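Visitor: next one to model:
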Amino acid sequence: MRNLLTILSAAVLLQSCGRFGNSDEKQNNKERIVCIAKQYSEIIFALGAEKDIVAVDVSSTYPPEARKLPTVGYHRALSAEGILSAKPTLILHDNNIGPEHVVKQLTDLNIPMKVFGKYNADIAGTDSLIREMGVYFHKEKQADSLCKKLDSDIQVALAHAKEYKDTVKVLVIHYGQASNVFLVMTKKNTAAKMIEWAGGKMSVDDEKGMKQLSAEVIAASDPDVILLTDFGYDKLGSIEKIKELPGIAGTRAAKANRIYRVEEHDLVYIGPRTGENTLKLQQLIHQDAAK
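Guide: Below is the predicted model:
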């Protein structure tokens with residue numbers, strides 16, 4: 001293992017690696033924040049507090065401006081060199097980073113790290129997180145506005161959901177880039193909450209939030225609608241190719257061509273746009289439903 005002096009030397013020499021080869025234009029900022037949490041990243045941009053963010057993890061894909069920042073890698077497979085190359089004065093993360101030896105290296109280097117409060121993955125918890133971050137970045141008014149819009153949009157979605165006579169069964173498929181397999185999201189997943197708020201229900205249940213896609217699982221769930229997250233949808237490229245996935249062709253969703261592309265970052269965490277995204281999701285899954 002490299003000693004800390006070696007890592008520090010490497011950090012001076014390494015250039016920050018942009019998502020598309022972009023150079024780091026914030027080298028002269030006094031505060032240099034590396035954000036390793038996609039939910040945090042979206043909230044920071046929504047608050048208008050992004051001026052000191054110099055790098056993010058690869059899962060921080062919203063808003064589009066976040067994609068232009070240099071990246072430090074996948075949040076569970078970080079390297080000390082990749083983070084140190086951004087010359088951070090502060091690292092923000094949500095306690096979902098790794099591997100452990102890299103976290104220890106960063107801790108031993110005494111780089112300040114901050115985790116905001118642990119809140120429930122629901123609307124109230126997200127409101128609390130937004131408000132805490134608003135205080136931290138001195139953006140209290142912006143935080144209040146974000147929370148009011150989030151709450152209002154969710155209430156509208158819940159009211160609309162009561163108007164539908166039938167509950168739409170929805171299958172959400174996600175391509176796991178790390179494991180190179182297609183996975184299905186279950187009722188334990190954050191996406192299931194949004195589906196429920198939109199007036200639908202997740203077609204697959206399991207103790208884990210995701211499980212590997214199989215013909216047996218799909219046949220048993222027989223969804224009315226299939227949502228495939230962006231990377232997997234784009235990888236396959238067409239509905240006909242998607243129908244070639246195990247068990248998909250025989251579903252009601254496939255027979256009716258009710259297979260849609262959705263952005264992963266709109267489903268996997270609750271953030272400032274979750275109410276807005278739920279309303280869009282509601283329109284999508286209820287296109288053919290009767291009121």
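Visitor: how about the helices of the stretch 151-291 of the chain, start to end?
Guide: With DSSP state H, counting those that start in this stretch, the ranges of helices along the stretch 151-291 of the chain come out as 190-197, 215-221, 230-236, 239-242, 252-255, 274-285.
Visitor: of the ones you listed, which is nearest residue 56?
Guide: If you check each of the helices of the stretch 151-291 of the chain against residue 56 by CB to CB, helix 230-236 wins as the nearest, at 17.3 Å. Every residue, glycine included, has its C-beta placed from N, CA and C.
Visitor: and the closest one, what other elements does it pack with?
Guide: strand 168-176, strand 259-262 (3 or more CB pairs under 8 Å, 6 or more residues apart in numbering; DSSP states H and E).
Visitor: tell me the most buried of these?
Guide: Comparing those by mean neighbour count (mean count of other CB atoms under 10 Å), strand 168-176 ranks first with a mean of 23.
Visitor: neighbouring contacts of that strand?
Guide: Residues outside strand 168-176 that contact it (CB atoms under 8 Å, 6 or more residues apart in numbering): 181-185, 189, 191, 195, 199-204, 210, 213, 218, 221-229, 231-232, 235, 245, 251, 253, 262, 264, 267, 285-286, 289.
Visitor: could I get the helices of the stretch 151-291 of the chain as JSON lines with distance to residue 107, mean pLDDT and mean neighbour count?
Guide: Shown next, in JSON lines, are the helices of the stretch 151-291 of the chain (distance: least, CB to CB, whole Å; pLDDT from 0 to 100; neighbours: other CB atoms under 10 Å):
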{"stretch": "helix 190-197", "distance to residue 107": "29", "mean pLDDT": "96", "mean neighbour count": "22"}
{"stretch": "helix 215-221", "distance to residue 107": "41", "mean pLDDT": "92", "mean neighbour count": "16"}
{"stretch": "helix 230-236", "distance to residue 107": "32", "mean pLDDT": "95", "mean neighbour count": "16"}
{"stretch": "helix 239-242", "distance to residue 107": "44", "mean pLDDT": "96", "mean neighbour count": "16"}
{"stretch": "helix 252-255", "distance to residue 107": "47", "mean pLDDT": "96", "mean neighbour count": "17"}
{"stretch": "helix 274-285", "distance to residue 107": "32", "mean pLDDT": "96", "mean neighbour count": "21"}
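Visitor: now distance to residue 171 too, for those helices, in JSON lines please.
Guide: Below are the helices of the stretch 151-291 of the chain laid out as JSON lines (distance: least, CB to CB, whole Å):
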{"stretch": "helix 190-197", "distance to residue 171": "10"}
{"stretch": "helix 215-221", "distance to residue 171": "6"}
{"stretch": "helix 230-236", "distance to residue 171": "13"}
{"stretch": "helix 239-242", "distance to residue 171": "11"}
{"stretch": "helix 252-255", "distance to residue 171": "7"}
{"stretch": "helix 274-285", "distance to residue 171": "11"}
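Visitor: residue 73 - how many residues pack around it?
Guide: 18 (other CB atoms under 10 Å).
Visitor: quick one: it from residue 110, how far?
Guide: Residue 73 sits 21 Å away from residue 110, taking CB to CB, to the nearest Å as the criterion.
Visitor: check residue 53 too.
Guide: According to CB to CB, residue 53 and residue 110 sit 21 Å apart.
Visitor: also residue 239?
Guide: According to CB to CB, residue 239 stands 53 Å off from residue 110.
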